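K.L.:
For reference, the sequence and a predicted model appear below.
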Amino acid sequence: MSRRFDYLGDVEGFLAVAEKGSFTAAAVALSTTPSVLSRAVTRLEARLGNQLLRRTTRRIGLTDAGRLYVEQARAAFTLLDDAEREVQGREGALTGRVRLSVPTTYGHHRLPPLLARFTAQYPQVRVELNITNRNVDLVSEGFDLAIRLGHLPDSGLVARTLEEAPLCLVAAPAYLERAGTPRTLEELGRHACVPFVMPSTGRRAPWVFRDGQGDIEWMPPATVEVSDDVLGVVSLAELGMGICQSYDFIVRDAIARGRLVELLPQLRGRTRPFSVVYSPHRRQSAAARAMIEVLTARTA
């Protein structure tokens, strides 16, 4: 009987070229040579009867057929990987791999102790951690799980809430000595504020408060705007450049050490949720399920 899938090595080579964007970078990743990968892609194109890559002297791009094949081939390799991890996890200690994407806020301030707990409990599981403020595509990019901030749109993903994170307003003692301490929202409007620009809209994110009359959304005046990495507003506030709003778990230690001071505590009360999400169409490996349990079992 002839082998049906003896070309899988060519598929793996093509996926590496598509991911890395060049034959040279893919060859380094796979410990081979560009010419070997070029021949592999040529064989695969001949087998499929379609051009997968557009080759120019400067860059390599995917054709429409190439983009479709990348998506389907990644899904197939993911199924094979999941099958291997599931079988490995049935015997003795849990093994395998978990690919997890998290935003910078959670990746730097919430995840480390949870990850330490997970790796101590499951030392034979390899964790591939991606810290980014970009919402990755779990299926096409091969992620098992992602942690997302805010109220999630109806994306078809399964979501489990990790926590409702309280927000607070802070500034450095040096700034307050120089500019005074605001006691009301009206006074706050006359201060230097450091807002965050939402990547989805390109607009400043409103600061949110709660008083006896209900919830308040307040647009901070911009002295310095920060985009992409929301942790930047805290760094600038600590340097005395102005007032920022952040999550309590990010600034709690700086407040305790006297580097920051909480402002307008009477307007506290608003929170934003963090959730772990995963695709319902992909069967979770034993390792991914274990990671979900550790994440959702966390205590504040």
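P.N.:
Everything's here; your move.

K.L.:
got the contact list for stretch 96-107?
P.N.:
Stretch 96-107 has contacts (C-beta atoms under 8 Å, 6 or more residues apart in numbering) with 81, 84-86, 88-89, 111, 125-133, 136, 138, 142-149, 229-231, 247, 250, 274, 285-288, 291. The way it works is simple: take the backbone N, C-alpha and C, and place the C-beta from them, glycine included.

K.L.:
got it, and stretch 134-149?
P.N.:
Outside stretch 134-149, the residues that reach it (C-beta under 8 Å, 6+ apart) are 70-71, 74-75, 77-78, 98-103, 105-106, 111, 130, 157, 159, 162, 272-279, 281-282, 284-285, 287-288, 291-292, 295.

K.L.:
Which of these fall in helices?
P.N.:
The helices, defined by DSSP state H, take in 70-71, 74-75, 77-78, 105-106, 111, 287-288, 291-292, 295 from the contacts of stretch 134-149.

K.L.:
Go through those residues and name the one nearest Gly214.
P.N.:
Nearest to Gly214 out of these is Thr105 (C-beta to C-beta; 26.3 Å).

K.L.:
ok, how many other residues are close to Thr223?
P.N.:
14 (other C-beta atoms under 10 Å).

K.L.:
buried set for stretch 261-269?
P.N.:
For stretch 261-269, the neighbour count (16 or more other C-beta atoms under 10 Å) marks 261, 263-264, 267-268 as buried.

K.L.:
Among the residues you listed, which one lies nearest to Asp215?
P.N.:
Leu267 (10.3 Å).

K.L.:
Quick check: pLDDT value at that closest one.
P.N.:
We have a pLDDT of 95 for Leu267.

K.L.:
didn't it look like it was pressed against Val208?
P.N.:
No - taking contacts as C-beta atoms under 8 Å, Leu267 lies outside contact range of Val208: 9.2 Å.

K.L.:
Overlap of the contact sets of these two?
P.N.:
Ile216.

K.L.:
Look through the protein and tell me its longest strand.
P.N.:
strand 158-171 (DSSP state E).

K.L.:
quick one, strands of the stretch 151-300 of the chain?
P.N.:
158-171, 196-197, 207-211, 214-218, 226-227, 244-247, 261-263, 271-278 (DSSP state E, counting those that start in this stretch).

K.L.:
so how far is the third one off the chain centroid?
P.N.:
Read that as strand 207-211. 27 Å (C-alpha atoms, centre = their mean, to the nearest Å).

K.L.:
same thing with the second one?
P.N.:
Shown here is strand 196-197, whose average C-alpha point lies 17 Å from the average C-alpha point of the whole chain (C-alpha atoms, centre = their mean).

K.L.:
For that strand, which helices and strands make contact with it?
P.N.:
Helices and strands touching strand 196-197, by 3 or more C-beta pairs under 8 Å, 6 or more residues apart in numbering; DSSP states H and E, are strand 226-227.

K.L.:
The third one now?
P.N.:
Strand 207-211 sits against strand 214-218, with contacts defined as 3+ C-beta pairs under 8 Å, 6+ apart.

K.L.:
how far off strand 207-211 does the strand it packs on point, in degrees?
P.N.:
150 degrees (axes from the mean of the first three to the mean of the last three C-alpha atoms, to 10 degrees).

K.L.:
Flag the shaky bits of the protein, pLDDT-wise.
P.N.:
1-3, 57, 81-92, 153-155, 281-282, 298-300 (pLDDT under 70).

K.L.:
hmm, 80 instead?
P.N.:
Regions of the chain meeting the criterion pLDDT under 80 cover residues 1-6, 29-31, 56-59, 77-93, 139-140, 150-156, 199-200, 280-283, 298-300.

K.L.:
which outside residues touch stretch 28-46?
P.N.:
7, 9-14, 16-17, 20, 23-24, 26-27, 51-53.

K.L.:
Buried ones from those, can you make that a ChimeraX selection?
P.N.:
Restricted to buried positions by 16+ other C-beta under 10 Å, the ChimeraX selection for the contacts of stretch 28-46 reads:
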select :10,11,12,13,14,16,17,20,23,26,27,52,53
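
K.L.:
Name the nearest residue to the residue nearest the centre of the chain, ignoring sequence neighbours.
P.N.:
In the chain, the centroid-proximal residue (C-alpha atoms, centre = their mean) is Val102; its distance is 3.0 Å. Leaving out its chain neighbours, the residue that sits closest to Val102 by C-beta to C-beta, 6 or more residues apart in numbering is Ile147, at 4.3 Å.
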